[in-house]
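In: sharing a model prediction with you, sequence too.
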Amino acid sequence: MLGYLSHLETGQTNQPLYLFPMCPHFHHPPPGNPLASTSCPSVCLLPPPLSEMKEKNPWHTPVTIILTVIGVIAIVTLVTVAVLQNKPIQQKYKYGIVLDAGSSHTAVYIYEWPAEKDNNTGRVQQKYSCKVKGKGISSYADEPQKAGESLRECMFEAKKQVPKNRHGETPLYLGATAGMRLLNLDDSSASNKVFQAVEEALQRFPFSFQGARILSGQEEGAFGWVTINYLSDRLKQGLETTGALDLGGASTQISFVSDSYNGLESPKNSVNFRLYGNDYHVYTHSFLCYGKDQALGLALAHQTKSGPRTITDPCFHPGYTQTKNYSILYDSPCVSERKPQEAPLSFTLSGSGNFTKCHEVIKSVFDFTSCNYSRCSFNGVFQPTPQGSFGAFSAYYFVMKFLNLTDTSTSIEVVREKLMEYCATPWTKIVKQHPKVDQKYLSEYCFSGTYILTLLIEGYNFTSETYSKIEFIKKIKGSDAGWTLGYMLNLTNMIPAEAPDSPLLPHAGYVSIVTIIAILLFALFILSLRPVWPTCSKQPQIV
Ligand SMILES: Nc1ccn([C@@H]2O[C@H](COP(=O)(O)OP(=O)(O)OP(=O)(O)O)[C@@H](O)[C@H]2O)c(=O)n1
């Protein structure tokens with residue numbers, strides 16, 4: 001244990017010198033020079049035998065032992081508290097449900113956000129979505145009861161998704177868009193009956209039902225803009241915002257912030273928000289009847305003005321044929337006034353798959369002649385030049401994804417060439433290539449792709465350069481792009497007007513600083529004990 005023990009005569013005392021075992025090369029001092037060490041650089045005071053050591057080692061004094069133990073406990077406690085402090089023990093959530101009652105279908109979205117955050121300022125995200133089977137609620141005008149029934153399956157699922165103890169406090173909203181706008185224009189009593197039926201159905205669920213209503217086109221556009229900028233964290237961080245392009249079945253919306261628009265010219269297109277301490281003047285416009293299904297109706301109406309029995313439609317593939325009923329086509333208020341006199345019951349459509357001619361037909365449904373403002377998109381509607389990046393969602397995404405055209409770095413010319421080739425492909429070949437795709441959707445992608453390109457380039461005035469700044473998106477960070485999230489955030493006041501005070505340090509920074517300070521304190525404590533450190537000198541010392 002003690003390595004080596006020798007006795008030295010020092011002249012003053014006659015004490016044994018203990019050599020530490022750390023001096024492994026120590027040998028006996030040369031005869032005649034008892035003080036010289038042979039290989040160990042210093043001669044250390046050897047510890048006393050074990051029994052003596054307990055009394056003599058300065059580290060073993062009761063005071064240092066107690067102080068060390070207290071110091072270590074204090075530091076461990078400090079660091080543990082720092083780590084545990086702020087750490088969410090078990091995340092609890094609050095919920096909100098929004099039903100998007102669109103023209104083509106209804107979807108149920110459940111959102112969740114951390115319950116412990118003050119004023120519900122925690123990040124809201126989509127927890128679940130459910131597509132209601134069947135068509136949109138506006139299609140139940142003749143049997144409104146069925147509109148309510150259609151929602152039941154998804155609502156039962158929503159009941160399972162939201163914890164039972166949160167049911168009563170979970171707000172439930174239904175917002176109807178262009179399908180119900182059109183029904184309301186056409187037959188307001190039928191529209192009221194549909195609302196009554198869906199309200200009754202929704203009130204049977206244990207959520208806090210906040211009502212069903214038709215959103216204005218302006219709201220639909222503006223809340224879509226809020227959603228995509230909220231999800232991409234641009235609002236919170238005060239970054240430059242992204243414009244929103246929404247293409248539905250019956251209407252389409254464009255919303256963006258432009259340096260050249262302050263709301264003075266055409267104030268009806270202006271929506272102002274103050275979010276997280278920043279003011280936003282958003283330009284927005286919704287074109288009723290320019291969603292992709294109604295636009296197809298406009299294009300067909302253009303081709304059936306004279307009430308023919310057959311038409312050759314360039315927007316459908318060669319070899320595609322379909323019989324269409326005149327009264328169904330002209331049922332929509334978008335075209336009802338144009339119904340040809342003395343038209344037969346139906347007409348047969350046969351596709352010719354010609355992109356250039358299809359483009360001409362589609363252009364004819366836009367009015368580019370009248371504009372009473374400094375600049376217009378179409379139909380005499382004021383619109384500043386598109387500025388910045390854009391997120392294009394809903395049918396923009398479905399169609400461009402199917403056509404493999406979501407990469408906007410591809411030039412517009414190449415997009416045109418691809419569409420030309422796609423439209424000219426025989427229908428039988430298209431069906432063989434996509435056996436699993438619903439044939440109703442499949443037959444319309446040539447029209448839809450051509451319509452999207454025409455709407456963006458000729459309609460909204462996107463150029464080759466600005467087209468490349470469009471991103472076709474479905475979801476952002478797991479939540480669907482669309483108006484529903486923005487609508488709920490607005491109704492629940494979940495986006496504060498002013499930027500909330502943020503903690504001085506993030507949790508990780510706080511823990512790091514406490515840990516560093518604890519280590520420094522410990523080092524300081526060790527240094528403060530220096531006077532009682534065991535000494536180790538080149539000179540032999542006599543104890
Ligand atoms: N895989 C899919 C799914 C949908 N669609 C089309 O996309 C449009 C639906 O877009 P959506 O945003 O769901 O429209 P709605 O909300 O129903 O319409 P609106 O907002 O105009 O009321 C419809 O034309 C539908 O035919 C499509 O082409 N491919």
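Out: Noted; the coordinates are in hand.
In: which SS class is residue 286?
Out: With DSSP: H, G, I helix; E, B strand; the rest coil as the basis, residue 286 sits in strand.
In: list the contacts of it.
Out: Contact partners of residue 286, counting by Cβ atoms under 8 Å, 6 or more residues apart in numbering, are 178, 216, 217, 218, 220, 221, 251, 252, 253. Placement of C-beta: from N, CA and C, glycine included.
In: how about residue 184, nearest residue that isn't a chain neighbour?
Out: The spatial neighbour of residue 184 that comes closest, neighbours along the chain excluded (Cβ to Cβ, 6 or more residues apart in numbering), is residue 191 at 4.1 Å.
In: where do the strands sit along the stretch 1-150 of the chain?
Out: 4-7, 16-19, 93-101, 106-114, 125-131 (DSSP state E, counting those that start in this stretch).
In: which among the ones you listed is found nearest to the ligand?
Out: The ligand lies closest to strand 93-101 among the strands of the stretch 1-150 of the chain, at 6.1 Å (Cβ to the nearest ligand atom).
In: near the residue in the stretch 151-300 of the chain positioned nearest to the ligand, how many other residues are there?
Out: In the stretch 151-300 of the chain, the residue that lies nearest the ligand is residue 248 (2.4 Å; Cβ to the nearest ligand atom). The number of residues packed near residue 248 is 28, by other Cβ atoms under 10 Å.
In: just the one 3 residues further on next, same as before
Out: The local packing of residue 251 (other Cβ under 10 Å) involves 27 other residues.
In: ok, and the closest non-adjacent residue to it?
Out: residue 178 (3.5 Å).
In: equivalent analysis for residue 519, please.
Out: Residue 519's closest residue in space is residue 75 (Cβ to Cβ, 6+ apart), at 7.8 Å.
In: quickly note the distance from residue 490 to residue 239.
Out: Separation of residue 490 from residue 239 (Cβ to Cβ, to the nearest Å): 20 Å.
In: who's more crowded, the two?
Out: Using other Cβ under 10 Å, the more surrounded residue of residue 490 and residue 239 is residue 490, with 16 against 12.
In: and the ligand, is the host helix or strand of that one touching that?
Out: Counting by DSSP states H and E, the element that carries residue 490 is helix 483-491. No - applying Cβ under 6 Å from any ligand atom, one finds helix 483-491 separated from the ligand by no less than 8.3 Å.
In: using CSV, write out every CA atom in that helix.
Out: This file holds the C-alpha atoms of helix 483-491, laid out as CSV (Å, rounded to 0.1, in the frame of the first residue of the first chain):
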residue,chain,number,x,y,z
TRP,A,483,-59.0,28.2,-45.1
THR,A,484,-60.2,26.1,-42.1
LEU,A,485,-57.2,26.5,-39.8
GLY,A,486,-57.1,30.3,-40.4
TYR,A,487,-60.8,30.5,-39.7
MET,A,488,-60.5,28.7,-36.4
LEU,A,489,-57.4,30.7,-35.3
ASN,A,490,-59.4,33.9,-36.0
LEU,A,491,-62.6,32.8,-34.2
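In: against which helices or strands is the helix or strand following it packed?
Out: Using DSSP H and E, the next helix or strand after helix 483-491 towards the C-terminus is helix 507-528. For helix 507-528, the elements it packs on are helix 62-84, judged by 3 or more Cβ pairs under 8 Å, 6 or more residues apart in numbering; DSSP states H and E.
In: need the residues of the stretch 301-450 of the chain near the ligand, please.
Out: 394, 395, 398, 399, 441.
In: could you pull out the strands for the stretch 301-450 of the chain?
Out: Using DSSP E, counting those that start in this stretch, strands in the stretch 301-450 of the chain cover 310-313, 321-325, 346-351, 390-394.
In: I'd like to know how many residues surround residue 320.
Out: 22.
In: so who does it touch?
Out: Taking Cβ under 8 Å, 6+ apart, we find residue 320 in contact with 349, 350, 351, 427, 443.
In: quick check: which ranges of this protein have low pLDDT?
Out: Scanning the chain for pLDDT under 70 picks out 1-59, 85-90, 118-120, 502-507, 532, 534-543.
In: contact residues of it facing the ligand?
Out: Proximity of the chain to the ligand (Cβ under 6 Å from any ligand atom) is limited to residues 102-105, 136, 177-179, 248-251, 291-293, 394-395, 398-399, 441.
In: quick check: buried residues in the helix or strand where residue 296 lies?
Out: For residue 296, the element it lies in under DSSP H and E is helix 292-303. For helix 292-303, a neighbour-count test (16 or more other Cβ atoms under 10 Å) marks 292, 293, 294, 295, 296, 297, 298, 299, 300, 301, 303 as buried.
In: the second one is in contact with residue 250, isn't it?
Out: Okay, so that is residue 293. Yes - under the criterion of Cβ atoms under 8 Å, residue 293 is in contact with residue 250, at a separation of 6.3 Å.
In: what angle separates the helix or strand containing residue 230 from helix 483-491?
Out: Element membership of residue 230 [criterion: DSSP H and E] is helix 217-231. Counting by axes from the mean of the first three to the mean of the last three Cα atoms, to 10 degrees, helix 217-231 lies at 90 degrees to helix 483-491.
In: who are the packing partners of whichever helix or strand comes after helix 217-231?
Out: Sequence order places strand 243-247 as the next helix or strand after helix 217-231, per DSSP H and E. Where contact means 3+ Cβ pairs under 8 Å, 6+ apart, strand 243-247 is packed against helix 217-231, strand 251-257, strand 390-394, helix 395-402.
In: from the contact counts, what lies against the first one?
Out: Applying 3+ Cβ pairs under 8 Å, 6+ apart, one finds that helix 217-231 contacts helix 178-186, strand 243-247, strand 251-257, strand 270-275, strand 278-288, strand 390-394, helix 483-491.
In: swap in 6 Å and give it another go.
Out: strand 243-247, strand 251-257, strand 278-288, helix 483-491 (3 or more Cβ pairs under 6 Å, 6 or more residues apart in numbering; DSSP states H and E).
In: I'd like the ones you listed laid out as CSV, including distance to residue 368.
Out: As requested, the helices and strands packed on helix 217-231 are exported to CSV (distance: least, Cβ to Cβ, whole Å):
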stretch, distance to residue 368
strand 243-247, 19
strand 251-257, 16
strand 278-288, 14
helix 483-491, 28
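In: of these, which stretch is the most buried?
Out: strand 243-247 (a mean of 29; mean count of other Cβ atoms under 10 Å).
In: ok now stretch 413-423, how far from the chain's centre?
Out: Centroid separation for stretch 413-423 versus its chain: 32 Å, with Cα atoms, centre = their mean, to the nearest Å.
In: which of the residues in it are buried?
Out: 415, 416, 418, 419, 420, 422, 423.
In: likewise for stretch 191-210?
Out: In terms of neighbour count (16+ other Cβ under 10 Å), stretch 191-210 has its buried residues at 191, 193, 194, 195, 197, 198, 201, 202, 205, 207, 209, 210.
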